[in-house]
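> Predicted model, plus sequence, below.
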Amino acid sequence: MTARPPAGAVIVTGAGSGVGASTAVALAERGHRVVAAVHSLDRVAGLDALTVRSGAEIHVAELDVTDEASIAPFVDGVAARHGGLHAVVSNAGVTGVDTFENEDLASYRRMFEVNVFGPVKLLKSGLPHLRAAGGRFIAVGSVAGVLGLPFQEAYAGSKFALEGILEGFAPVARRVGVAVSVVEPGPIDTDAVRKTDWARVFAGAGPYERVLRQYVDNAAAGQGALPGLPAVQTADEVASAIADLLASDAPPFRCQTSAGARLLVARKLADVDGAAAAAVIGRWLDAAPPGPDE
């Protein structure tokens, strides 16, 4: 007989589509009481489609993770309505592609507001409830929080920052009964990736256009995964890894969602002088050498 999950709700942010929607459904199917926090109730088509298909029962509520004043009341309200708070899966995030020289600081601030300050405030607000429950906090990061990505410097910087904050706090949290983890997927096949306005990015690339086009061509040749990166995963595969992590009796701080992601992170963490990372990234930016028959 499968043991029932602990009492209390699980909040999943950014749950309107993609990994968030898949995670909300995966956890509900495993018996968790899930509160799917979405930025807007008008943008839940992905979640609706999954819940109809699975029959999962999920509570949906609006939450803007950049609205700092609303986060604590939201978390307190969820705990009050659902008999406590067992876990938070902080998935809400934004990404973007641009050249370093052209991307303005407003874009960096927006990226950090959503990807760093939102999760930090969410954890701060949830801690009293998570301590009481011996609960969990899981942040959906990326291998981009370990290995910098060209033309996505703001995104990678935000993921690095979040990992650094949580890595410092996780051992403290353990000693008051809360497990903090970061999930590190590689490339994921989602609508957010497919909707990049490449025409706009190329038009503004200026002296970087040739390098950017080579970068994009190399990614296309690898069906979305550049040389040295893990293979592209589906949102459902990442969600399954998150659900397994939440069910673990001894969750690690870092959890990669594929064997390829584990290998990449292991290599980066052993790269003392940064030469290996520079070599990998260089392969993404240069044309591949001709083969023997070319």
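Happy to help now that I have it.

> Sketch out the strands for the protein, chain order is fine.
Using DSSP state E, the strands of the chain run over 9-13, 33-38, 58-62, 85-90, 136-140, 179-184, 188-189, 233-234, 254-256.

> The fourth one to strand 33-38, inter-axis angle?
Direction vectors for strand 85-90 and strand 33-38, defined by axes from the mean of the first three to the mean of the last three CA atoms, to 10 degrees, enclose an angle of 30 degrees.

> go on, the third one?
Per the same axes, to 10 degrees, the angle that strand 58-62 makes with strand 33-38 is 30 degrees.

> what about the stretch 151-294 of the chain, any weak spots by pLDDT?
Judged against pLDDT under 70, the low-scoring parts of the stretch 151-294 of the chain cover residues 190-194, 223-225, 289-294.

> ok, L47 to A132 distance?
28 Å (CB to CB, to the nearest Å). To be clear about C-beta, it is placed using only N, CA and C from the backbone, and glycine gets the same treatment.

> again with L162
25 Å.

> same question, D249
19 Å.

> Looking at these two, which has the bigger crowd around it?
It is A132, of D249 and A132, that has more neighbours when counted by other CB atoms under 10 Å, with 14 against 5.

> And for that one, nearest residue in space, chain neighbours not counted?
In this structure, A132 finds its nearest non-sequential neighbour in G84, 6.8 Å apart by CB to CB, 6 or more residues apart in numbering.

> residue contacts, the one you found?
G84 makes contacts with A7, G8, A9, H129, A132, A133, as judged by CB atoms under 8 Å, 6 or more residues apart in numbering.

> circling back to that earlier point, including mean neighbour count and distance to A154, could the strands of the chain go into a markdown table?
Below are those laid out as a markdown table (neighbours: other CB atoms under 10 Å; distance: least, CB to CB, whole Å):
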| stretch | mean neighbour count | distance to A154 |
| --- | --- | --- |
| strand 9-13 | 29 | 20 |
| strand 33-38 | 26 | 24 |
| strand 58-62 | 17 | 26 |
| strand 85-90 | 28 | 19 |
| strand 136-140 | 26 | 17 |
| strand 179-184 | 24 | 18 |
| strand 188-189 | 18 | 18 |
| strand 233-234 | 18 | 23 |
| strand 254-256 | 21 | 22 |
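
> Let me have these in TSV, extended by distance to Y155.
Shown next, in TSV, are those (distance: least, CB to CB, whole Å):
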stretch	distance to Y155
strand 9-13	17
strand 33-38	21
strand 58-62	24
strand 85-90	16
strand 136-140	13
strand 179-184	14
strand 188-189	13
strand 233-234	18
strand 254-256	18
